[in-house]
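> sequence first, then the predicted structure:
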Amino acid sequence: MPGAVTRSPLRESNRARIVNVLRVDGPSSRGSLLKTGLSRSTVALAVDALLREGVLVEVEQPRGSHSTGRPPVHVGLNGARAAAAGVEICHGHMRFQLCNLAQDLIADRIVEIDPSTPPGDTLRVIREQVHDLLDGAGYAIESLLGVGITLPGPIQRRSGVVGRACTLKPWIGVPAATLAASVIGPRVLVDNDANLAALAEVTWGAARAAEDVAYVYTAAGIGVGLVLDGHIYAGSNGTAGELGHTTIDENGLICECGGRGCLNTVANAEAISTQLARTLGQRLPVHQVIALAEEGDVACRRALADAGRHIGTALANLYNLLDPELIVLGGNLARAGQLILEPLRESMARRAIHAGEAVPPVIVGSLHDEVAALGAAAGVLRDGDRFPLVVTDTS
């Protein structure tokens, strides 16, 4: 047909490989794009074409991120081309984060919701809120790469069914991804909150550029998001990282999962508040416990220290099995800082197999309440296979 554009599958594949690397790594030098396996000349031709078409833009690196001379010019994705939404479903509210293709946060929102709300109704609220956020940020619905959603519990890999350890009871036994796709649309990702929170810290936070990370997410339960060799590891059934159900005391309290003496029964926020209620005569939310501990209250300091030691015991076992390069503490207990980190590190060091090396650093994450929702958006932004950006060769 006269005037028709002949598209080269190989050229389109090369362009897609470059775009997908930038979706994961963010702005990069042309030299670093050689990790795609393409030749230097192929990278140069593809980058120049993508720049002309506005898929990529040049990004000047800030001074101080290089040694001497002129700041190097990197290339990155044009954020105006697409956006990704991330949603964390919590107890009593949902947090929304909207990020553009360049990994910039462009909108956020918190919406209150009753924890007993049926999943279908919750998903309809999510659909409406995401559309509203897109409209407010000036993006057409066609620009939405996808919607990532986190839940506080394991999701079975094969069936997509939410496991019984989920702390949001209406979601237990629900095929979450299938239901979400039927309500929101096919471009949807549903995963455990700790898994996606780990991805947020790797993309934007304290674990940026690390390849093997254990992210401890303390919320209603205690979970670990595992990023191994740069990818989320959820296990064959989706239950990898359920640290809160590690047995600490086989004669301890019965956990809601049916086990006895799980970490959740002695070290999560609810357990800390319950233990202190007998001493203080009232139940305090964990952020108040932390505030009192910082002011010197000995009972609150002891409760946090005990929780840290129990978490350290569980993490020693995790370290002995997986040997991560970095452990990041996030969620509601991370605000305690050294009050919980010092006893955690001490407990872990006593039990970990060192194999001639020091145990990995244990640090507090740099992202806070928004971490899981950001991770849900990161899951969409980074997954070029499931959420492709159409980059057509027009040359």
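Cool, the structure landed.
> got any ranges where the protein has weak pLDDT?
1-7, 61-72, 355-357, 390-395 (pLDDT under 70).
> show me the strands in it, by range?
The residue ranges that make up the strands of the chain, judged by DSSP state E, are 56-60, 73-77, 83-89, 93-100, 105-112, 144-151, 188-192, 213-218, 222-228, 231-233, 326-331, 362-364.
> list the neighbouring strands of the third one plus their orientation.
In this case it means strand 83-89. strand 93-100 (antiparallel), strand 144-151 (parallel) (DSSP bridges).
> hey, C-alpha coordinates of stretch 325-335 in CSV?
Output in CSV follows, covering the C-alpha atoms of stretch 325-335 (Å, rounded to 0.1, in the frame of the first residue of the first chain):
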residue,chain,number,x,y,z
GLU,A,325,22.7,-8.4,51.3
LEU,A,326,20.4,-5.9,53.1
ILE,A,327,17.5,-6.1,55.5
VAL,A,328,15.2,-3.1,55.7
LEU,A,329,12.7,-2.5,58.4
GLY,A,330,9.5,-0.6,57.4
GLY,A,331,5.9,-0.1,58.6
ASN,A,332,4.6,1.0,61.9
LEU,A,333,7.4,-0.3,64.1
ALA,A,334,10.1,1.3,62.0
ARG,A,335,9.3,4.6,63.6
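> now it: buried residues?
For stretch 325-335, burial by neighbour count (16 or more other Cβ atoms under 10 Å) applies to 326, 327, 328, 329, 330, 331, 332, 333, 334, 335. In this view, the C-beta of every residue, glycine as well, is placed from N, C-alpha and C.
> next one: stretch 223-233
Those would be 223, 224, 225, 226, 227, 232, 233, for stretch 223-233 by 16+ other Cβ under 10 Å.
> residue contacts, the residue lying closest to residue 247 once chain neighbours are set aside?
Leaving out its chain neighbours, the residue that sits closest to residue 247 by Cβ to Cβ, 6 or more residues apart in numbering is residue 261, at 5.4 Å. If a contact means Cβ atoms under 8 Å, 6 or more residues apart in numbering, then residue 261 has 247, 248, 249, 250, 251, 252, 253, 255 as its contacts.
> ok, now residue 46?
11, 14, 15, 18, 38.
> run a quick neighbour tally on residue 221.
When neighbours are counted by other Cβ atoms under 10 Å, residue 221 registers 27.
> let's have the chain start at 14 instead
Sure, I'll start counting at 14 from here, so that last one is residue 234.
> now it: how far from residue 352?
Using Cβ to Cβ, to the nearest Å, residue 234 is found at 21 Å from residue 352.
> picking that back up, ok, so of the buried residues of stretch 236-246, who is nearest residue 135?
Using Cβ to Cβ, residue 236 comes nearest to residue 135 of those, at 20.2 Å.
> and the closest residue to the closest one other than its chain neighbours, how far from residue 131?
Distance criterion Cβ to Cβ, 6+ apart; nearest residue to residue 236, sequence neighbours excluded, is residue 207 at 3.5 Å. Applying Cβ to Cβ, the value for residue 207 to residue 131 is 24 Å.
> looking at these two, which has the bigger crowd around it?
The neighbour count for residue 207 versus residue 131, taken as other Cβ under 10 Å, is higher for residue 207 (36 against 12).
> would you confirm that the more buried one contacts residue 254?
Yes: with contact defined as Cβ atoms under 8 Å, residue 207 reaches residue 254; the gap is 5.8 Å.
> any shared contact partners between the two?
Common neighbours of residue 207 and residue 254 (Cβ under 8 Å, 6+ apart) are 236, 237, 238.
> touching, the second one and residue 229? I think so.
This points to residue 237. Yes: assessed by Cβ under 8 Å, residue 237 is found in contact with residue 229 at 5.5 Å.
> what residues are shared contacts of these two?
Here residue 237 and residue 229 share the contacting residues 207, 256, scored by Cβ under 8 Å, 6+ apart.
> quick one on the thing from earlier: most packed of the strands paired with strand 96-102?
Between the strands paired with strand 96-102, strand 157-164 has the highest mean count of neighbours, a mean of 26, where neighbours are mean count of other Cβ atoms under 10 Å.
> let's see it as CSV, backbone CA atoms only.
Taking C-alpha atoms only, strand 157-164 is exported to CSV below (Å, rounded to 0.1, in the frame of the first residue of the first chain):
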residue,chain,number,x,y,z
LEU,A,157,-3.0,4.1,32.2
LEU,A,158,-0.4,1.4,32.1
GLY,A,159,-2.1,-0.5,34.9
VAL,A,160,-3.3,-0.6,38.5
GLY,A,161,-1.3,-2.3,41.2
ILE,A,162,-3.1,-3.4,44.4
THR,A,163,-1.7,-4.7,47.7
LEU,A,164,-3.4,-6.8,50.3
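> next up, the contacts around residue 187.
Residue 187 sits next to 132, 174, 175 when contact means Cβ under 8 Å, 6+ apart.
> next, count neighbours for the last one.
By the measure other Cβ under 10 Å, the count of residues near residue 175 is 27.
> ok, and the closest non-adjacent residue to it?
That would be residue 184: by Cβ to Cβ, 6+ apart, it lies 4.6 Å from residue 175.
> contacting residues for the one you found?
Applying Cβ under 8 Å, 6+ apart, we find residue 184 in contact with 102, 132, 164, 166, 175.
> can you redo the residues you listed as TSV with distance to residue 371?
Shown next, in TSV, are the contacts of residue 184 (distance: Cβ to Cβ, whole Å):
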residue	distance to residue 371
102	38
132	45
164	35
166	34
175	38
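> quick check: the two most widely separated of those?
132 and 166 (12.3 Å).
> would you list every one of the helices in the stretch 14-163 of the chain?
For the stretch 14-163 of the chain, applying DSSP state H, counting those that start in this stretch gives helices covering 22-38, 53-66, 132-150.
> the last one: how far from the chain's middle?
Relative to its chain's centre, helix 132-150 lies at 20 Å (Cα atoms, centre = their mean, to the nearest Å).
> from residue 254, how far off is residue 266?
For residue 266 relative to residue 254 (Cβ to Cβ), the value is 22 Å.
> between those two, who's got more neighbours?
Neighbours per residue (other Cβ under 10 Å) separate residue 266 from residue 254, with residue 254 holding more: 26 against 14.
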